[in-house]
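Enquirer: return atomic coordinates for the entry below.
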Amino acid sequence: MKLGPGTTVGAHAVIEGDTELGAGNRVFPHAVLGQIPQDLKYRGERTRIVIGDRNQFREFVTVHVGTTGGGGVTRIGSDCLFMASSHVAHDCTVGDRCILANSVPLAGHVTLEDHVILGGLSGVHQFTRIGRFAFSAAGSVIVQDVAPYCMVQGDRACVSGVNTTGLQRSGFSEEQLGRVKDAYRLVFRQKLGLREACQQLRAEHGGHPEIDHLLAFLDGVGERGLVR
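Expert: Numbers count the residues shown, from 1 in each chain. Model (predicted):
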C-alpha cells in the first residue's frame, strides 16, 4: 500500500494489497480498496490498483484489484467522486473527473473516459466502454458502448440526446457544440449504418479534435455493440 501526500483515510476504512493512491485523496469511513476481485478465475495472483490525485471515495465504496487476464491493474484517474456504495470491479479503467452516483456498479473490464457521469443505481455491463462527457440517467442499464457526448437512459439504455449542459460547463464553444450535434444527428437519428455514418461524419467534420475523438471511439466498437 502506498499513500500520497495529503491523502486521508477515515475510520473503519480498509486499504489492502498492492494499492497506490496519489496526493490529496480522501477515503471515507467504511470504504474498501484493494480487496481481491469477485472473479472465480482469480487464484491469488499479484495484481494492483493505481489511483491518481484528489479523488473522493465515500462510505462503503469498493474498488478491487485487477486480474492477470485483464492486464493486472484496476486504474482510476484524478478528481473523481465515487458516491456511497458505488463499486469499481477488477481491471476497470476510470478517467479523470468522473462521477459515480450512489450504488453505481461497474462490472469487470469497464472503461470510462474522462468527465463521465453515471446517475444513481445505473449499472454497467462488463467489457463496456463509455466515452468522454457521457451522462446516464438514474437507473440506466448499460450493456453496450456509450459514445462520447451522449446522454442515455432506460433499461436497456438508449441514447436520448447530447449532453449539452455538460459540454457547455466544460468550455465547449458554440462551434464545437454545433459539430457535436451534427454528429449526433448523423450517427443516431439518420437511417445509416454505423460505418456509413462515420464516413459521412469524417467527410463533413473530420480534423476537429472533438469529432476525431468521437470517430476513434466509434471505430473501436466491438462485439458488445453501440447504444443507438
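
Enquirer: if I look at the most centrally placed residue in the chain, how far off is residue 186?
Expert: Nearest to the mean C-alpha position of the chain, by C-alpha atoms, centre = their mean, lies residue 112 at 2.1 Å. Taking C-beta to C-beta, to the nearest Å as the measure, residue 112 falls 24 Å from residue 186. C-beta here means a position set from N, CA and C on the backbone, and glycine is covered the same way.

Enquirer: what's the answer for residue 228, then?
Expert: 12 Å.

Enquirer: quick one: which of the two has more around it?
Expert: Between residue 228 and residue 186, residue 186 has the larger neighbour count (other C-beta atoms under 10 Å), namely 18 against 14.

Enquirer: helix, strand or coil for the more buried one?
Expert: Assigned with DSSP: H, G, I helix; E, B strand; the rest coil, residue 186 falls in the helix class.

Enquirer: next: residue 198.
Expert: Note that with three-state DSSP, the state of residue 198 is helix.

Enquirer: wait, it touches residue 215, no?
Expert: Yes. Using C-beta atoms under 8 Å, residue 198 is in contact with residue 215, at 5.9 Å.

Enquirer: low pLDDT regions in the chain?
Expert: For the chain, applying pLDDT under 70 flags no range at all.

Enquirer: okay, now the domains of it?
Expert: The chain breaks down by automatic domain parsing into domains covering 2-164, 166-219.

Enquirer: buried deepest among those, which one?
Expert: Ranked by mean neighbour count, these are led by domain 2-164 with a mean of 20 (mean count of other C-beta atoms under 10 Å).

Enquirer: starting at the chain centroid, how far to it?
Expert: Put simply, domain 2-164 sits 7 Å off its chain's centre (C-alpha atoms, centre = their mean, to the nearest Å).

Enquirer: angles on the backbone of the residue lying closest to residue 5 once chain neighbours are set aside, please.
Expert: Excluding the flanking residues, the one nearest residue 5 by C-beta to C-beta, 6 or more residues apart in numbering is residue 23, at 5.0 Å. When read as degrees, to the nearest 10, the backbone of residue 23 gives phi -90, psi 150.

Enquirer: ok, back up a step: doesn't residue 98 make contact with the residue nearest to the centre of the chain?
Expert: Yes. Applying C-beta under 8 Å as the test, residue 112 and residue 98 come out as touching, 5.2 Å apart.

Enquirer: confirm residue 43 sits in a helix?
Expert: No. Counting by three-state DSSP, one finds residue 43 to be coil, located in no helix.

Enquirer: distance of it from residue 207?
Expert: Distance from residue 43 to residue 207, by C-beta to C-beta: 48 Å.

Enquirer: what does residue 81 give?
Expert: Residue 81 is 34 Å from residue 207, by C-beta to C-beta.

Enquirer: then residue 33?
Expert: According to C-beta to C-beta, residue 33 stands 42 Å off from residue 207.

Enquirer: residue 163 against residue 134, yeah?
Expert: Yes. Between residue 163 and residue 134 there is a contact under C-beta under 8 Å: 6.7 Å.

Enquirer: what do the two both touch?
Expert: 149-151 (C-beta atoms under 8 Å, 6 or more residues apart in numbering).

Enquirer: which of these lies closest to residue 167?
Expert: Among those, residue 149 lies closest to residue 167 (C-beta to C-beta), at 6.4 Å.

Enquirer: so the closest one makes contact with residue 165?
Expert: No. Using C-beta under 8 Å, residue 149 is not in contact with residue 165; the gap is 11.5 Å.
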